[in-house]
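Q: From the sequence below, what's the structure:
(chains A and B)
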Amino acid sequence: MTLSRKDFIRGMLLGSAGVAVTSQLGLMTFSFSGTNSIKAIVIDYSKCTGCRTCEAVCSASNHPVSIAGEALPGAGNPDYSNIKVWHFNPPLDIPVTCFICADAPCIAACPVKPDAVTGRKALYRDEVFQTIQNDLNRCIGCQSCADACREERGGVIFPDELGQPQRMCTLCQGNPQCVKYCPYEALSFLEITPDMPLRGMSPEKINQLLTEAYYQ
Amino acid sequence: MKFGINGQLLEVDLTTQTIIRRSIPEAYYKEYFGGRGLGMRLLYDYLPGPGTNPFSPENPLLFVPGLLCGYPFPSASRTCMVTKSPITSPVEKKLAYASTVSYSNMGGFIGPEIKFAGYDAIVVTGKSEKPVYLFIENDRFELRDASKFWGMGTNAFDKAILDELGDRRFETAYIGPGAENGVLFGSVLNTAARAAGRGGTGSVMGSKKLKAIAVRGTGMPPIGRHKEYVDLLKRIRVSFMADSESKNNWRYGGTANAIEMSSNRGSQAVKNYAEGSFVGVKNINADAARQQVWKRDFACYACQLACKKSGFAKGAYGGVVHEGIEYETGTMLGANLMIDDLNGLHSMIELADDYGMDIISLGNVIGFLTECLEKELITTDFLDGIELRWGQVAPAMEMIHKIGRMEGVGRDASKGVRHLSELIGQQSSDFAIHVKGHELAAWNVNGYAKSYGISYTVANRGACHMNGGTPKGQDQSALRDSVGICSFAASWYRDDLHPAMLINAISDSNISTADYDKVGERIFNLEKLMNFREGFNRLDDVLPERFFKDAHTFGQQKDVLIGRDEFEQIMDEYYVERGWNPQSTKPEKEKIITLGLDFVQL
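A: Numbers count the residues shown, from 1 in each chain, chains lettered A, B, ... in the order given. Okay, the predicted model is just below:
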């Protein structure tokens, strides 16, 4: 490898690195089955300032508060946000949300038998937006999906008190609010390709790579 | 009217190691909002009376998020530390421990997190035998042993505490070894670099053996009128996003943009305030920092300005990652000491923050001692052999260590420039740059008597550059500190985005802009009354002699001095406009009654 690791990561941040050595950095490599492409939230870590506006608008859209049984869109508890910004020292802010992986290890890990008609397990991929969704009625709360995500990808699935998976990105039905309101244009809604850097990794791993790139 | 936000505070007694929840009277929110205002009202309640020793268990230390903290309004995340000052005292000392109120403001995420946990204030009284930290996770709270963290620098602690907690979503605020050791200008930090620096609030925290607070909240504060709230939030976000010019200026250089601007107009603190412009300014301005040191931009909660910068120093003082430089830090340890080595300066800032010391007071102390040595009022023996000279990083770094560790000369230097000038004598008080014992910030005064001059002399915490030059400006400053809106973003919050509208939406109330303004005046006057009963009067509202005697030798304010009579006249007019007696500076009875402050026992 002629490029040093540091140069390589810097290069990736500038969008100029090749794809040839991606596997060395643990980048997600996959091939699509069928013709469906996947659009997802793509994060530019060079632009994020850690302001957490994304958390506020995500929860306001996906988990609105309700008063007297009435949902009030536009206001939500940021703790329920599907995107989370992790702060590190030395200073780095690492937002992570469901990567909507093409090979979805979370779905692979779901032990619930596929439905005879729909072919869906409890955890399944939505046909329209390709997002990962959970069928509350069939989920057994075993948390295998969350374990798989944490072990193999970014650890973005947080089980609730019943063990059911939460915080998977919904893409806000095609109009992601985090992308719309990010004040720093750090978030985009793009078709994902195998050469996109720093996808499918835990915040800790991304932090480690970026710390090397920025502070050494 | 439902004005309560969370409606409750946490009261921590470190002597008995007990924590209880108390409700906050609804009238307090209405009359003082949150942050600095609510903090002052609570300070009055918790203080046993005038003359309380700031380092006694009876002096309360308050963490008070601004009223709007916890709602994602852009740049509304400021938290105020409030206590009785350990660093100020009046000229006519009738009470042994007379001192002013103190308040100090910080951004970041700690204020919103306190709100998410369900509280509008944390009040700490008493004194612990062993070092402790306060753990809060929603309605679970306890004091935990911090013995192993005592003495730890702020940067290492910032990492260690999150490792111990095992959850990176905790927000923390803490002190460093400086405040632990008793430095009078100890700061409170969060995220290793955001500081409530001024007024010694960290020193009070250190005296209580409280290393830190660690807070995690998973709730959200209530919203009174939902539709109004959503509409305002949307319009404010859009208004910030649309104003690209001022926003981009903040993003480009943060407050460091002011380094060159201030030098150009002769308003910078240079060479212990003897000059107002700095020859080496281009080496330490925002452009230089962008090219050589800064790596990333950082924002506080829901802020669109990202004025904070993280940097990585290279060269002789290299290898240091820290946030900075800013206007105050870059000027007080840079221009004021004639230092234009940007990498050295970056590392000095990191060192001062690691000890947890207020860089404004620290820069004054080192500048004052450098001038004393230059004028041969002291020898290097006084400085334990440290050759403090203008423009030199290494001896200044040594001095920071001495002060932070309270070793040798550091013991006296840790008490500020007024103490040092009393010790050294020989007219050195002329260039000991403080008001009421609290050092001036990085804005020089000659040529700016009506703005910075007034701002410094009448500020209720001793010299304060954020105070404002007119009663109206000062009241607005108190309001910003109380609703939690950052000064840098205040210009967005007006007209049809007025803070009063935001307050009405979240609290389902109907205050007018006049009601709003009156809260600011009430807060400022409450502080003033608390200072007055400690014995502060007009003799304490004075500028250092330097500004009447030593004109700058070059730059835009060259040869400009402040006229004594002219300044006295400006001050007379100020007191009259305030409704205060110009001799005693006591607020007139009518003013006290109009503002509903007649409960204050003088």
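Q: CA atoms for contacts and neighbours, from now on please.
A: OK.
Q: how much space is there between the residue lying closest to residue B:314 once chain neighbours are set aside and chain A?
A: Excluding its sequence neighbours, the residue lying closest to residue B:314 (C-alpha to C-alpha, 6 or more residues apart in numbering or on different chains) is residue B:343, at 6.1 Å. The gap separating residue B:343 from chain A is 14 Å, by C-alpha to the nearest C-alpha, to the nearest Å.
Q: ok, residue 177 - contacts?
A: Just going to use chain A. Residues near residue A:177 by C-alpha atoms under 8 Å, 6 or more residues apart in numbering or on different chains: A:54, A:57-58, A:61.
Q: Can you look at chain B instead?
A: B:150-154, B:354-356, B:404-405.
Q: again with residue B:271
A: B:335-338, B:367, B:390.
Q: I'd like the residues you listed as CSV, with neighbour count and secondary structure appended.
A: Listed next are the contacts of residue B:271 as CSV, based on neighbours: other C-alpha atoms under 10 Å in any protein chain shown; DSSP: H, G, I helix; E, B strand; the rest coil:
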residue, neighbour count, secondary structure
B:335, 34, helix
B:336, 29, helix
B:337, 28, helix
B:338, 24, coil
B:367, 30, helix
B:390, 21, coil
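Q: With respect to chain A, which of those residues is nearest?
A: Set against chain A, the nearest of the contacts of residue B:271 by C-alpha to the nearest C-alpha is residue B:335 (26.2 Å).
Q: Per-residue pLDDT of the residue lying closest to that closest one once chain neighbours are set aside, please?
A: Among residues not flanking residue B:335 along the chain, residue B:270 sits closest, at 5.0 Å (C-alpha to C-alpha, 6+ apart). For residue B:270, the pLDDT comes out at 98.
Q: how about residue B:270, what does it touch?
A: By C-alpha under 8 Å, 6+ apart, the neighbours of residue B:270 are B:276-278, B:331, B:335-338.
Q: try residue A:207
A: A:88, A:92, A:94.
Q: Kindly report the same for residue A:60.
A: Residues near residue A:60 by C-alpha under 8 Å, 6+ apart: A:73-78.
Q: you'd agree it is in a strand?
A: No: according to DSSP: H, G, I helix; E, B strand; the rest coil, the state of residue A:60 is helix, so it is not within a strand.
Q: Tell me, how many residues neighbour the closest residue to it other than its chain neighbours?
A: Nearest residue to residue A:60 in three dimensions, chain neighbours excluded: residue A:76, at 3.9 Å (C-alpha to C-alpha, 6+ apart). Residue A:76: 25 surrounding residues under other C-alpha atoms under 10 Å in any protein chain shown.
Q: distance between stretch B:383-399 and the chain's centre?
A: Centroid separation for stretch B:383-399 versus its chain: 26 Å, with C-alpha atoms, centre = their mean, to the nearest Å.
Q: Pull the residues that contact that stretch.
A: For stretch B:383-399, contacts defined as C-alpha under 8 Å, 6+ apart pick out B:271, B:337-341, B:344-345, B:348, B:351, B:366, B:369-370, B:373-374, B:380, B:408-410.
Q: that older thread, what is the nearest of the contacts of residue B:270 to residue B:60?
A: Distance ranking of the contacts of residue B:270 against residue B:60, using C-alpha to C-alpha, places residue B:331 first at 32.2 Å.
Q: of all of the stretch 401-550 of chain B, which residue lies closest to chain A?
A: Among the residues of the stretch 401-550 of chain B, residue B:506 lies closest to chain A, at 11.2 Å counting by C-alpha to the nearest C-alpha.
Q: so, if you compare the contacts of residue B:177, which one comes nearest to residue B:28?
A: Within the contacts of residue B:177, the smallest distance to residue B:28 is 32.0 Å, found for residue B:356 (C-alpha to C-alpha).
Q: Show me the helices in chain A, by range?
A: A:5-14, A:53-62, A:105-109, A:144-152, A:177-181, A:203-214 (DSSP state H).
Q: And what about the nearest residue in space to residue B:327 that is not next to it in sequence, helix, strand or coil?
A: Spatial nearest neighbour of residue B:327, chain neighbours left out: residue B:256 (4.4 Å); criterion: C-alpha to C-alpha, 6+ apart. With three-state DSSP as the basis, the three-state label of residue B:256 is helix.
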